[in-house]
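Asks: Below is the structure, and that's it, no one-letter string:
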DNA sequence: ATTTTATGTAATATATAGTTGACATCATGT
DNA sequence: ACATGATGTCAACTATATATTACATAAAAT
């Protein structure tokens, strides 16, 4: 269950994992794990990522079906 | 920063904190703390709450301004 | 009056989110 | 060939989300 939308939004902003990690105050490993899926970040971190990438929670973290 | 929208959505579903807690697999204290604010739940828990209340992440956990 | 229901809160315990440091791979640049 | 940038991953650590147990209060029901 990779988070492809997050990766695409990050690349659209011309940021690498380190850039995004710095922007939201976590390490690049944490960003990497979120993009890889199999991870359960906190709400505050999700919100920080959304703001850094000019997206909303639904746009990056809400799965329509199921 | 109380989460009033969550509380309203729960009451609209005629659920108390215990009902919602059981529905999403946490304790009533955890639900209480999320409604009280000052808390940082995990994304998976937020998603479970949204599904239990027929809402999306943006509807319950996204703050429009700032 | 007293029992029940719904909620707040606090202390201690456990699971897991997130850090730190290190090493590996694969591009691309020089 | 070698350096550099971007990412994957792993082990050990620290911070914190969540559980558990318990006690408190206020409102509604009997």
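Replies: Good, I have the coordinates. Please read all numbers here as calculations on a predicted model, not as lab measurements.
Asks: hey, let's count contacts and neighbours off CA atoms from now on
Replies: Will do.
Asks: Close to DNA strand D: what parts of chain A are there?
Replies: Within chain A, the positions adjacent to DNA strand D are A:16, A:17, A:18, A:29, A:32, A:33, A:35, A:36, A:42 by Cα under 7 Å from any atom of the strand.
Asks: Could you save the residues you listed as CSV and add columns showing pLDDT and secondary structure?
Replies: Converted to CSV, the residues of chain A next to DNA strand D look like this (pLDDT from 0 to 100; DSSP: H, G, I helix; E, B strand; the rest coil):
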residue, pLDDT, secondary structure
A:16, 97, coil
A:17, 97, helix
A:18, 97, helix
A:29, 97, helix
A:32, 97, helix
A:33, 97, helix
A:35, 97, helix
A:36, 95, helix
A:42, 98, strand
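Asks: ChimeraX command to pick out the buried ones of those?
Replies: To isolate the buried ones among the residues of chain A next to DNA strand D in ChimeraX, judged by 16 or more other Cα atoms under 10 Å in any protein chain shown, type:
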select /A:17,35
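Asks: Of all the helix elements in chain A, which one is longest?
Replies: Secondary structure of chain A per DSSP state H: the longest helix is helix A:43-53.
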